[in-house]
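**Student:** below are the sequence and a predicted model for it; my questions follow.
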Amino acid sequence: MTRDKWIALQEQIRATIGQNNYKTWIEPLLYGGVDSEGEFTLLAPTNFFGSYVESNYGDMLLAQISLVSAEVRRLAFTVGRAEHPEAPRAETAPVAEQAVVADTVVKEAPAKDALPGAPLDARFSFDTFVVGKPNELAHAAAKRVAEGGPVTFNPLFLYGGVGLGKTHLMHAIAHELKTRNPHLTVLYLSAEQFMYRFVQALRERKMMDFKELFRSVDVLMVDDVQFIAGKDSTQEEFFHTFNALVDQNKQIIISADRAPDEIKDLETRIRSRLQSGLVVDLHPTDYELRLGILQSKVEVYKGMHANLTIQDGVLEFLAHRISTNVRVLEGALTRLFAFASLVGKPIDMDLVQDSLADVLRASERKISIEEIQRRVAEHYHIRLSDMIGPKRVRNFARPRQVAMYLCKQLTSRSLPEIDRRFGGRDHTTVMHGVKRIEELRMKDGQIDEDVEMLRRALEA
Ligand SMILES: Nc1ncnc2c1ncn2[C@@H]1O[C@H](COP(=O)(O)OP(=O)(O)OP(=O)(O)O)[C@@H](O)[C@H]1O
């Protein structure tokens with residue numbers, strides 16, 4: 001892994017994890033060289049920073065790096081900015097947040113900029129957002145807010161799993177609002193950045209500036225708000241900022257990876273504020289949406305690599321196989337185009353297998369029988385032991401059959417093996433259970449819906 005290769009890889013990493021994460025966590029890393037054992041060292045501004053990147057992006061980084069440099073077997077993160085003095089600890093921030101205070105000081109330049117927002121990604125517009133069934137409501141709500149009329153729902157709370165387009169929609173709203181009214185002050189930042197700014201203001205005793213700044217915006221957008229859960233003083237400050245803006249009828253847009261009532265360690269008063277506007281979720285993508293997204297991205301790539309061709313069936317295969325999140329899907333496409341242009345070949349299934357082996361392997365997630373049993377038991381509010389155990393109570397029979405059916409559908413285990421894992425009464429029990437659910441799915445809408453929901457949850 002040479003320094004040049006590391007630099008060249010950055011674009012791919014950015015495409016994989018998104019501009020925001022890239023700017024915050026990857027860009028500050030410095031190249032530290034590879035030793036004879038294949039350990040590639042990256043220099044991080046602080047220990048906290050290094051271990052954060054390692055645990056959140058370590059696997060992804062190693063996968064990407066080993067693709068371009070086969071000799072790299074391991075990553076190491078060490079602190080690499082010795083010229084920075086040891087940062088003083090904050091006096092007023094609570095203990096739990098102090099580590100971040102100290103670390104942030106080293107990472108960030110003093111805040112001189114007037115609006116401490118994160119940069120907006122120009123590619124994240126409504127034009128480039130592909131609408132499908134799973135995201136049509138969120139898209140409609142975002143569009144409405146972007147029109148900038150009288151504030152009808154405040155806040156708009158968008159939530160959904162990783163990489164499903166929350167940030168994209170927020171940036172799209174910001175672009176559109178700014179286009180319609182260039183004088184509008186739109187502040188977009190992640191909840192993590194909000195906390196950094198807050199503890200920095202505390203440390204530098206600039207709380208008044210901080211408050212003034214956040215209260216003077218026309219539109220505030222806070223991404224990944226689940227980050228402030230459990231961080232008491234940040235929550236407190238967020239609460240006050242929130243109220244002050246709502247009182248002034250200023251629009252707030254929030255995103256999170258789950259619904260407000262599912263965010264643990266969030267104060268009740270904040271939870272209820274977050275629920276007080278419109279809460280909409282981005283559902284996991286379906287095949288059609290994934291295919292639509294791939295097709296629209298291909299159009300963009302074709303503009304850059306006019307001579308590259310894609311064999312029929314490749315996009316369908318990717319849309320079918322990579323169902324985790326859109327970011328992974330995009331990363332796969334970026335890599336395919338990069339490989340194809342390097343080797344000067346068309347994008348066909350051979351190239352897909354060669355260049356995406358790791359992505360395809362990772363998406364082949366194995367679902368275990370235990371996992372299915374646990375989920376189904378939770379869904380029907382029965383104890384796991386009752387589902388597996390010997391009781392032949394009627395209440396447990398249906399959940400047990402549903403679980404057996406899902407084991408048959410989602411794992412490659414044989415019927416006798418599934419039977420054993422359900423207490424091994426009789427090897428025809430599973431067969432009977434599976435058949436029963438198949439029949440019920442045809443005529444009982446509730447069972448059909450339950451099974452489908454469970455299947456989706458397990459495959460997510
Ligand atoms: N419907 C869509 N149409 C086009 N691109 C999409 C769509 N949904 C997601 N993407 C793309 O997928 C990538 C990930 O999306 P985004 O960063 O908005 O996800 P997120 O929900 O904010 O994820 P995270 O929870 O990681 O913050 C982005 O490059 C985005 O452009």
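**Tutor:** Nice, thanks for sending it over. Numbers count the residues shown, from 1 in each chain.

**Student:** ok, and does the longest helix along the chain reach over to the ligand?
**Tutor:** For the chain, the helix with the greatest residue count under DSSP state H is helix 47-68. No. On the criterion CB under 6 Å from any ligand atom, helix 47-68 is out of touch with the ligand, staying 10.5 Å away. Glycine gets a C-beta too; all of them are placed from N, C-alpha and C.

**Student:** restricting to C-alpha, output that helix in PDB.
**Tutor:** In PDB, the C-alpha atoms belonging to helix 47-68 read as follows (Å, rounded to 0.1, in the frame of the first residue of the first chain):
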ATOM      1  CA  ASN A  47      -6.800   7.700  20.300                       C
ATOM      2  CA  PHE A  48     -10.600   8.200  20.500                       C
ATOM      3  CA  PHE A  49     -10.700   9.100  16.900                       C
ATOM      4  CA  GLY A  50      -8.600   6.000  15.900                       C
ATOM      5  CA  SER A  51     -10.700   3.600  17.900                       C
ATOM      6  CA  TYR A  52     -13.900   5.100  16.600                       C
ATOM      7  CA  VAL A  53     -12.800   4.700  13.000                       C
ATOM      8  CA  GLU A  54     -11.500   1.200  13.800                       C
ATOM      9  CA  SER A  55     -14.700  -0.100  15.200                       C
ATOM     10  CA  ASN A  56     -17.000   1.700  12.800                       C
ATOM     11  CA  TYR A  57     -15.100   1.600   9.600                       C
ATOM     12  CA  GLY A  58     -12.300  -0.900  10.200                       C
ATOM     13  CA  ASP A  59     -13.900  -3.800   8.200                       C
ATOM     14  CA  MET A  60     -14.900  -1.700   5.300                       C
ATOM     15  CA  LEU A  61     -11.400   0.000   5.100                       C
ATOM     16  CA  LEU A  62      -9.600  -3.300   5.200                       C
ATOM     17  CA  ALA A  63     -11.900  -4.800   2.500                       C
ATOM     18  CA  GLN A  64     -11.300  -1.800   0.300                       C
ATOM     19  CA  ILE A  65      -7.600  -1.600   0.900                       C
ATOM     20  CA  SER A  66      -7.000  -5.300   0.400                       C
ATOM     21  CA  LEU A  67      -8.600  -5.000  -2.900                       C
ATOM     22  CA  VAL A  68      -6.000  -2.700  -4.200                       C
END
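
**Student:** other SSEs contacting that helix?
**Tutor:** Packing partners of helix 47-68 (3 or more CB pairs under 8 Å, 6 or more residues apart in numbering; DSSP states H and E): helix 3-17, strand 39-44, strand 74-79, helix 95-107.

**Student:** which positions in the chain make contact with the ligand?
**Tutor:** The chain has residues 18, 124, 128-130, 135, 160, 162-168, 224, 257, 293, 326-327, 330 near the ligand, with proximity defined as CB under 6 Å from any ligand atom.

**Student:** go with 5 Å
**Tutor:** Residues of the chain lying close to the ligand (CB under 5 Å from any ligand atom) are 18, 129-130, 162-168, 293, 326-327.

**Student:** what residue is smack in the middle of this protein?
**Tutor:** The centre of the chain sits closest to residue 162, judged by CA atoms, centre = their mean, with a distance of 1.9 Å.

**Student:** ok, of the residues of the chain next to the ligand, which come out buried?
**Tutor:** In the residues of the chain next to the ligand, burial by neighbour count holds for 18, 129-130, 163-168, 293, 326-327, counting by 16 or more other CB atoms under 10 Å.
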